[in-house]
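Novice: pasted the sequence and its predicted model underneath.
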Amino acid sequence: MYVPIKEIVLLIASIGILLASYRLWIMKDGKNMVYARIHIAGVIDLACILIMLVLNRPLLALLYLILSPFAAHAIANADYYDRMRERVVKRLRC
């Protein structure tokens, strides 16, 4: 009996990517939305890493696993300091 493990994992991960991407697309802007969007992107990242492991690309998955948190931290850090700069400018103008 043939059990298509790779195909099942790819299908489940692909559905997860599509659902997370849809949620990312319809999300309204609000307070701290950058962090919520980074969290949703993390779900997509995990599914992509799973797909790479199933497709027998462990080095690529490891590289993606290492670099993805650095990119998310850089985005969150840039947003934080941009908001801090806006607060300082508002204080100086008042």
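Specialist: That came in fine, so what should we check first?
Novice: and residue 19, how many residues sit next to it?
Specialist: 14 (other C-beta atoms under 10 Å). C-beta here means a position set from N, CA and C on the backbone, and glycine is covered the same way.
Novice: could you do residue 15 as well?
Specialist: Residues near residue 15, counting by other C-beta under 10 Å: 11.
Novice: likewise residue 25?
Specialist: Neighbour count of residue 25, defined by other C-beta under 10 Å: 8.
Novice: and it, how far from residue 41?
Specialist: When distance is defined by C-beta to C-beta, to the nearest Å, residue 25 is 12 Å away from residue 41.
Novice: any low-confidence regions in this protein?
Specialist: Scanning the chain for pLDDT under 70 picks out 1, 94.
Novice: strands along that one, start to end?
Specialist: For the chain, strands defined by DSSP state E do not occur.
Novice: mind listing what the most centrally placed residue in it touches?
Specialist: Centrality entry for the chain: nearest residue to the mean C-alpha point is residue 41, 1.8 Å, by C-alpha atoms, centre = their mean. Contacts were defined as C-beta atoms under 8 Å, 6 or more residues apart in numbering; by that measure residue 41 touches 20, 24, 72.
Novice: ok, now which ones touch the first one?
Specialist: Spelled out, it's residue 20. Applying C-beta under 8 Å, 6+ apart, the residues contacting residue 20 are 40, 41, 43, 44, 47.
Novice: among those residues, who's most crowded?
Specialist: Within the contacts of residue 20, most neighbours by other C-beta under 10 Å means residue 47, with 22 neighbours.
Novice: any chance of the contacts of residue 41 in TSV, plus distance to residue 30?
Specialist: Formatted as TSV, those follow (distance: C-beta to C-beta, whole Å):
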residue	distance to residue 30
20	18
24	14
72	19
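Novice: which one of these is nearest residue 89?
Specialist: Using C-beta to C-beta, residue 72 is the member of these that sits closest to residue 89, with 26.4 Å.
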